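Participant: sequence first, then the predicted structure, then my questions.
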Amino acid sequence: MHLIICIHNHQPVGNMDFILEEAYEKSYKPFFEVMDEFTDIKINLHFSGYLLSWLNQNKPKYIKLLKRLIKEDRIEIVSGGMYEPILSFLPEDDGVSQIKMHIDYAESIFGTRPKGMWLAERVYEPYMPKIMNKANILYTLVDDHHFKSVGVADEDLYGYFVTEHEGNKLFIFPGLESLRYAIPFKPIEEIDEYFKGVEERVGDLAVFGDDGEKFGLWPGTYNHVYTNGWLRSFFKYLDENKAWLKTTTFSEYISNKPPKGRIYLNCNSYKEMSEWCLPACISGRYETCINSAEDSYKDFLKGGYFKYFLIKYDESNDMHKKMLDVTQRTGMNEEARKHVFMGQSNDSYWHGVFGGLYLPHLRASVYEHLIEAEKLLESKKPFVEGVLKDINMDGYDEAVINNNDIKAYFSLKEGGVLYELDYKPSSVNIMATLQRRYEGYHDKIKAAASADIADGTKTIHDMVIAKEEGLDKYLHYDWYRRASFIDHIMGKDVKFDSFYKSSYMEPGDFVKEPYCAVLNEEKNHVRLSMERKGRFRKNGQDIALKIKKDIVIGKGENAIFAEYIIEGDVDEPFNLGVEFNFSFLGSAGDRYAEMGGERFSLETQGELKSARSIMFHDPYQHVDVLLDFDDPSAVWTHPVEVVSLSESGFERNYQSTMFMPVWDVDLSKGPRIIKIKLQLNKA
C-alpha cells in the first residue's frame, strides 16, 4: 500500500519575526534535517506564501536543502493561495490570481511547477473546482469528514476521487482524521497497527495531511518529536517497512493509479471548524452531541458553515466587506492588488483553537494592507468626500467620510458610532477593536489547570490549559460593539465598576438603536448630521429625549469635530458618557496616555482626575490620538481584555483602551451642548 504525507507550513501575514524564527527553529528546520537521513521517504510540502517569502529571504541554507530534496525526487511542492486565503471569502478572480501567484513564486524558487494545492482550512464549496481549474490545479486535499458527510464509507476512503463543476475537473484526496490525531502523538506500534488494518481491508492509499507546526511548535511537541526521537523512529519505521508501505507523492500516485470514482462534496471544513463557526451558545451543544453519538451516526452530524464567522463577529465582517470594496476598485494596479491579497490572509477573519481574530496585530495587518491599497488608488490632490452606502451588507447605509489623511466609518444602524478610523500616514485603523463576547469554551475555564502537562502526546484539542490563574474574573461581556462616539445615557447611580463589568442598565435607548442621518458635502468639508429621537425610561414611563451629533471633517485636516445637542423632557439630572475605544495592539512598552500633565499606563483602570484633553501615544503604530472635550464631571478608563483560546491554552488578550468623559446633564436648564475634537498625528 501507499502513504502520502502532506506537510502544511503556514504563518499569517503580519505575524512577528520572532514567532517565525521560533517556528523555523522548532519545526520547519529540524523536520527536514531528520527526513534527510532517510533517502527513500517522500514528502509533499506546502509553504504559504508569506512564510515562503520569509524563508527565502532569511534562510538560504534551508532553501538549498529543500531544493536538493526536490531534485532527488523526495519532495513534491504543493501550491495554494499566495497569502493563504479562504477561497470562499474571495471574488473568483482574486482566488485564481492568488493561486497563480503562489505557483509562479514556488517555481521561481524551486524550479518546479506545482500541480496541486493546499486548500486553506480545508474550507470547500462545490464551485471550487472551477477556480482551481482556471489556475491549472490538478488536485487538492480535504478531510475524510467531507467525504463521510455525503455518504462515503470508511473502506472507500483509501484512494482519491474525481469531481467537477461546470465541467471543470479536479482530483480530490481524503486526508484521514485518524492519522491527524495519531501523528505525531501516538506510539509507533499503534500507527503500525492502523496501517496494517488498512492493508488488510485492501486499502491501497492512506493520506495524512496536517500542520507542520505540530512537529515541534505545538506545546510539548519539540521534546516529544525531536529530543525523544518520535519523528526519527517514525521515519525509521517507514524505511524498514517500505516493502509493503511505500511513501509517495500526489502526482506520482495519480500517474499510476486511477481515481476510485466520481464524488460531489458539499460545503464543509474539518470537523473542529464545524464547531467553531457555530454561534457560541450552540457550539457546546454540538460538541456534546458529537461526543455522545454512536460512531455510525457521527459522520452525518454536520456543524456550522464557515461564512457564519461573518455573522458571529461583526469585526470580521467589517474587514471582509472593506476588503471586497477595495478589491473591486484595484483594477490593473498590481501593487494595490498585492496589498489586497495580503489583506486576505485567512487567520484574521475567524477564531477557534487556531485563527487570529482575537490577535490585534493580525487584524491590524489586514487593515494596514487594505489602507495601503486604497492610498495607491486615491488622488494625491487635497480632497474630502462623503457617501451613504451599505458597506457591510446588512441592509442599512453606513456613512463614510474620506480625505487625504483619515477615513471614518459610522454605523447609522447602531448608535451612529464611529467603528473604523483609518489614519493613512501610518496605515493604521486605530479602531480595529474587538468586543468582549461569550465563547462556548469559557465554560471550561474554571476546570483549566495551569499545571496540565503538555508533553507532546496530546493534540491541542485534547488539552485544557490556562496560561495564568484566575482568568474567570475577566469574563465580562459587552452588550454593544467597542466603537467610538458611543452615547451612554446613564442614571446617577451608575458607578465605574458596574460600567466596566457591563452589569448595569441604561434608562436611555441610544447605544444600539438607529440614528437618522443627513450627509452634506460642502466646498472644504463634509458634515454628517445624525439624530435620534429616543426615550428615557423612568418608573415604567417613556420620556422624550433627543440626541443630535454633528460630525465635520475638512479638507486637509486630520481631525473629527463633533458637536452634541441633548434636549428633551427629562426632569431629573442624568449622566451622558461618550465612549471611545482605541486599539494600540498592546498596553505595555513605550505606549502611554497623558492627561492633565500626568502620564499613566494603558492598563490603568478606574476614574481619573478630570481634565479637558488627553493624548494617547503609540510609537509602534506611529500614531498619537488626541481628544479635546468640554469640561466633564468625570473621566473613566479601562483596558478592554478578553479571555481567548489558542494552541497554548486559555489566555488573556488586550484588545483596546476604553476612555469615556462623563458629563452631568440637567435639561431643566435647557438643551445641553457638548463639543469634542478627535485628532490623529504621526508619532
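Facilitator: Received, thanks. Numbering: from 1, shown residues only.

Participant: which residue lies nearest the spatial centre of this protein?
Facilitator: Ser348 (2.0 Å; Cα atoms, centre = their mean).

Participant: what's near enough to touch the closest residue in space to Pro30 that isn't next to it in sequence?
Facilitator: Excluding the flanking residues, the one nearest Pro30 by Cβ to Cβ, 6 or more residues apart in numbering is Tyr226, at 5.3 Å. In this view, the C-beta of every residue, glycine as well, is placed from N, C-alpha and C. Each residue near Tyr226 by Cβ atoms under 8 Å, 6 or more residues apart in numbering is listed here: Pro30, Val34, Gly216.

Participant: got a winner among the residues you listed for most neighbours?
Facilitator: Taking other Cβ atoms under 10 Å as the neighbour criterion, Gly216 ranks highest of the contacts of Tyr226 with 26 neighbours.

Participant: now do Lys669, the pLDDT please.
Facilitator: pLDDT recorded at Lys669 is 88.

Participant: report how many residues lie close to it.
Facilitator: Lys669 - counted by other Cβ under 10 Å - has 7 other residues nearby.

Participant: gap between it and Gln605?
Facilitator: Using Cβ to Cβ, to the nearest Å, Lys669 is found at 33 Å from Gln605.

Participant: could you do Gly111 as well?
Facilitator: As judged by Cβ to Cβ, Gly111 and Gln605 stand 57 Å apart.

Participant: for Glu193, same thing?
Facilitator: Taking Cβ to Cβ, one finds Glu193 at 55 Å from Gln605.

Participant: now Val366: which helix or strand?
Facilitator: helix 360-377 (DSSP states H and E).

Participant: so Tyr396 is in contact with Asp390, correct?
Facilitator: Yes. Contact status for Tyr396 versus Asp390: in contact at 6.4 Å, counting by Cβ atoms under 8 Å.

Participant: show me what contacts the residue nearest to the centre of the chain?
Facilitator: So Ser348 contacts Pro12, Gly14, Ser316, Met319, Gly356, Leu357, Leu359, Leu362, Arg363, Ser365, Val366 (Cβ under 8 Å, 6+ apart).

Participant: and those as a markdown table, adding distance to Met82, neighbour count and pLDDT?
Facilitator: Below are those laid out as a markdown table (distance: Cβ to Cβ, whole Å; neighbours: other Cβ atoms under 10 Å; pLDDT from 0 to 100):
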| residue | distance to Met82 | neighbour count | pLDDT |
| --- | --- | --- | --- |
| Pro12 | 13 | 24 | 97 |
| Gly14 | 15 | 22 | 95 |
| Ser316 | 21 | 22 | 98 |
| Met319 | 18 | 24 | 98 |
| Gly356 | 18 | 23 | 89 |
| Leu357 | 21 | 21 | 95 |
| Leu359 | 21 | 22 | 94 |
| Leu362 | 17 | 22 | 96 |
| Arg363 | 20 | 27 | 97 |
| Ser365 | 15 | 23 | 97 |
| Val366 | 15 | 28 | 98 |
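
Participant: pLDDT weak spots in this protein?
Facilitator: Scanning the chain for pLDDT under 70 picks out 355, 446-464.

Participant: max-length strand in it?
Facilitator: The residue-count maximum for a strand in the chain (DSSP state E) belongs to strand 649-665.

Participant: show me what counts as buried in that strand.
Facilitator: 649-663, 665 (16 or more other Cβ atoms under 10 Å).

Participant: got it, and stretch 379-386?
Facilitator: For stretch 379-386, by 16+ other Cβ under 10 Å, it's Val384, Gly386.

Participant: got the contact list for the closest residue to Glu107 other than its chain neighbours?
Facilitator: Excluding the flanking residues, the one nearest Glu107 by Cβ to Cβ, 6+ apart is Arg113, at 4.7 Å. Applying Cβ under 8 Å, 6+ apart, we find Arg113 in contact with Ile103, Ala106, Glu107.

Participant: who wins for neighbours among these?
Facilitator: Most surrounded of the contacts of Arg113: other Cβ under 10 Å gives Ala106, at 23 neighbours.

Participant: gap between the helix or strand encompassing it and the chain center?
Facilitator: Applying DSSP H and E as the criterion places Ala106 in helix 92-110. Relative to its chain's centre, helix 92-110 lies at 22 Å (Cα atoms, centre = their mean, to the nearest Å).

Participant: for stretch 560-567, same thing?
Facilitator: For stretch 560-567, the distance to the chain centre is 35 Å (Cα atoms, centre = their mean).

Participant: do a quick rundown of the helices in the stretch 51-200 of the chain.
Facilitator: Ranges of helices within the stretch 51-200 of the chain are 60-71, 92-110, 128-134, 144-148, 177-182, 188-200, based on DSSP state H, counting those that start in this stretch.

Participant: how about JSON lines for those, with distance to Leu245 added?
Facilitator: Formatted as JSON lines, the helices of the stretch 51-200 of the chain follow (distance: least, Cβ to Cβ, whole Å):
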{"stretch": "helix 60-71", "distance to Leu245": "20"}
{"stretch": "helix 92-110", "distance to Leu245": "27"}
{"stretch": "helix 128-134", "distance to Leu245": "30"}
{"stretch": "helix 144-148", "distance to Leu245": "19"}
{"stretch": "helix 177-182", "distance to Leu245": "13"}
{"stretch": "helix 188-200", "distance to Leu245": "6"}
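
Participant: any idea which helix or strand comes after the helix or strand harbouring Asn581?
Facilitator: In the assignment (DSSP H and E), Asn581 maps to strand 574-582. Downstream of strand 574-582, the first helix or strand assigned by DSSP H and E is strand 592-595.

Participant: and Tyr158, what does it touch?
Facilitator: Neighbours of Tyr158 in contact, by Cβ under 8 Å, 6+ apart: Met1, Val198, Arg201, Gly203, Asp204, Leu205, Ala206.

Participant: run a quick neighbour tally on the second one.
Facilitator: Residues lying near Val198 (other Cβ under 10 Å) number 22.

Participant: ok, Lys533 next?
Facilitator: Count around Lys533 with other Cβ under 10 Å applied: 12.

Participant: hang on, the earlier thing: for the residue nearest to Pro30, give its distance to Lys26.
Facilitator: Tyr226 is 8 Å from Lys26, by Cβ to Cβ.

Participant: overlap of the contact sets of the two?
Facilitator: Contact criterion Cβ under 8 Å, 6+ apart; residues shared by Tyr226 and Lys26: Gly216.

Participant: could you report the neighbour count for the residue nearest to Leu545 when sequence neighbours are not counted?
Facilitator: Leaving aside its sequence neighbours, Leu545 sits nearest to Gly568 (Cβ to Cβ, 6+ apart; 3.6 Å). Other residues near Gly568 come to 20 when the count uses other Cβ under 10 Å.

Participant: correct me, but Gly568 touches Lys538?
Facilitator: No. Contact criterion Cβ under 8 Å: Gly568 and Lys538 do not qualify, at 11.7 Å.

Participant: run a quick neighbour tally on the residue lying closest to Ser503 once chain neighbours are set aside.
Facilitator: The shortest distance from Ser503 to any non-neighbouring residue, by Cβ to Cβ, 6+ apart, is to His476 (7.8 Å). Neighbour count for His476, taken as other Cβ under 10 Å: 15.

Participant: next: the one 10 residues further on.
Facilitator: Ile486 has 24 neighbours, counted by other Cβ under 10 Å.

Participant: begin at 9, not 1, for the rest of this chat.
Facilitator: Sure, I'll start counting at 9 from here, so that last one is Ile494.

Participant: just list the residues touching the residue lying closest to it once chain neighbours are set aside, thanks.
Facilitator: For Ile494, ignoring the flanking residues on the chain, the nearest one in space by Cβ to Cβ, 6+ apart is Glu587 at 4.0 Å. Contact criterion Cβ under 8 Å, 6+ apart gives Ala491, Ser492, Phe493, Ile494, His496, Met666, Phe667, Met668 as the residues in contact with Glu587.

Participant: the strands in the stretch 109-258 of the chain, which residues?
Facilitator: Shown for the stretch 109-258 of the chain, the strands assigned by DSSP state E, counting those that start in this stretch span residues 124-126, 147-151, 169-173, 176-183, 213-219, 254-256.
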